[in-house]
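Trainee: Got a sequence here, can you build the structure:
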Amino acid sequence: MIVGVRCKQNSNPPSAPAPVRSWLYILPESFLPDFETRLANADVLCIGVFRLNQIGQLTAKPTLTRDQKSRLTNARMNRKIYPLISLTNAYDGAQLLANNSRRAVTTLVALLKEESYDGLHIDFEYLTGRSSDHYVSFLKLLKEHPGMQGKTLSIAANPPLQGTAEQIAFFDLQKLDLVTDEIVFMTYDYHMERAGPVTHLGWAEENMKLAFRHIRPEKVWLGVPAYGYEWKPGSTRPSVLSEAQGLELCKRYGCKRHDSGCLTVNSQGRQVYFADKETRISMRDLAKRLGVRGTALWRVGFEATF
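Mentor: Residues are numbered from 1 along each chain as shown. The predicted structure follows:
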């Protein structure tokens, strides 16, 4: 006799995909009246900018009013918060890494303890391959310091296809993977020296696939712009535009969606490209498809819609 066996069905519906995490950069200018609303879905807040000089001392800190400090304290509920650590300039950075890494580590661990931060975010830019090994050594010293136990060490990095050959050589991703917990790839400023979109979805994806040769996607944050640039005739450098300023130009002159995912303004005599909410949604979808940790927005206060 054949006895039928009834299989037990799984009564649990398939779980929804995990939402893309959100990292937000915050400067003193970010504390707008609707500051708290802009942070609604944030997982990480990164406050800046703290600057190190060539002897490893902090020469600048973000100047916050008492009200801003209170609002930031309230915003820390259930979120991680890191200080954004940069340099006074590239020359000082090269000198610091070559000669005063230990002093800088002591300085940063003291800051970490004083403010009870959840980690550190290191953003050293415009250095060259000559400082690459020194940078790795500095991060290793920092990561292994007892004061960093239980804390997150993250860095900002240019994507592999951005910058001069010497600037690209500064970020040795294979070595940096071993001494960091998280990496924010700044997939913006795609154009700055000449007119063009501030980011490009295809370029961002190509950069990430190159980075994944050395860095696991789950420790990567995809950098997202909330701004743009305007190039005026006769000017050697563009001026920065917030999303709101870009949308105002759209009202006056009209806009179209560029194949990069950014908006471009239809105006003779000026060239304008900027990221808007649709750009950011497309980059969030890209982050989800690539399986990275989340998106990192530069910066709170630039975005008009959120």
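
Trainee: tally of neighbours for residue 225?
Mentor: Using other Cβ atoms under 10 Å, residue 225 has 26 other residues around it. Using the backbone N, CA and C atoms, a C-beta is placed for each residue, glycine as well.

Trainee: Not counting its neighbours along the chain, what's nearest it?
Mentor: The shortest distance from residue 225 to any residue that is not its chain neighbour, by Cβ to Cβ, 6 or more residues apart in numbering, is 3.9 Å, and that residue is residue 188.

Trainee: Quickly find the element holding that neighbour.
Mentor: Counting by DSSP states H and E, there is no helix or strand that carries residue 188.

Trainee: For it, give me phi and psi.
Mentor: Dihedral pair for residue 188: phi -150, psi -180, per degrees, to the nearest 10.

Trainee: where along the stretch 201-306 of the chain do the helices fall?
Mentor: When assigned using DSSP state H, counting those that start in this stretch, the helices of the stretch 201-306 of the chain occupy the ranges 201-211, 243-253, 277-290.

Trainee: coming back round to it: the residue nearest to residue 225 and residue 250, how far apart?
Mentor: From residue 188 over to residue 250 the distance is 20 Å, taken as Cβ to Cβ, to the nearest Å.

Trainee: higher neighbour count, these two?
Mentor: Legend: neighbour count by other Cβ under 10 Å for residue 188 and residue 250, higher for residue 188 (25 against 19).

Trainee: I'd like to know how far that one sits from residue 261.
Mentor: Applying Cβ to Cβ to residue 188 and residue 261 gives a distance of 11 Å.

Trainee: Give the residues shared as contacts by those two.
Mentor: Taking Cβ atoms under 8 Å, 6 or more residues apart in numbering as the contact criterion, the residues that touch both residue 188 and residue 261 are 199, 275.

Trainee: I'd assumed residue 130 was in contact with residue 90.
Mentor: No. With contacts defined as Cβ atoms under 8 Å, residue 90 does not count as touching residue 130, sitting 11.1 Å away.

Trainee: ok so, going back, out of the helices of the stretch 201-306 of the chain, which is closest to residue 75?
Mentor: The closest approach between residue 75 and any of the helices of the stretch 201-306 of the chain, judged by Cβ to Cβ, belongs to helix 277-290 at 20.2 Å.

Trainee: Residue 193: which of the helices of the stretch 201-306 of the chain is closest?
Mentor: Nearest to residue 193, of these and by Cβ to Cβ, is helix 201-211 at 15.3 Å.

Trainee: okay, the angle between the closest one and helix 277-290?
Mentor: Our comparison of helix 201-211 with helix 277-290, counting by axes from the mean of the first three to the mean of the last three Cα atoms, to 10 degrees, yields an angle of 30 degrees.

Trainee: can you list the residues that contact helix 201-211?
Mentor: Taking Cβ under 8 Å, 6+ apart as the criterion, the residues outside helix 201-211 that touch it are 159-162, 173, 183, 185, 187, 190, 217, 220, 222, 260-261, 282-283, 286, 290, 292.

Trainee: try 7 Å
Mentor: By Cβ atoms under 7 Å, 6 or more residues apart in numbering, the surrounding residues in contact with helix 201-211 are 159-161, 173, 185, 187, 190, 220, 222, 260-261, 282-283, 286, 290, 292.

Trainee: Strands along the stretch 51-200 of the chain, start to end?
Mentor: For the stretch 51-200 of the chain, strands defined by DSSP state E, counting those that start in this stretch occupy the ranges 58-60, 80-87, 119-122, 152-157, 182-185.

Trainee: Residue 71 is nearest to which of those strands?
Mentor: Nearest to residue 71 among those is strand 80-87; the distance by Cβ to Cβ comes to 12.5 Å.

Trainee: so what strands line up beside that closest one?
Mentor: strand 44-52 (parallel), strand 119-122 (parallel) (DSSP bridges).

Trainee: Off-centre distance for the longest one?
Mentor: Spelled out, that is strand 44-52. Centroid displacement of strand 44-52 relative to its chain, using Cα atoms, centre = their mean, to the nearest Å, is 11 Å.

Trainee: Now do that strand against strand 152-157, angle only.
Mentor: Strand 44-52 runs at 70 degrees relative to strand 152-157, counting by the same axes, to 10 degrees.

Trainee: And the contacts of strand 44-52?
Mentor: Contacts of strand 44-52 with the rest of the structure, by Cβ under 7 Å, 6+ apart, involve 23-27, 39, 58-62, 72, 75, 79-88, 96, 104, 121.

Trainee: Drop anything exposed from these.
Mentor: Buried members of these, counted by 16 or more other Cβ atoms under 10 Å: 23-27, 39, 58, 62, 72, 75, 80-88, 96, 104, 121.
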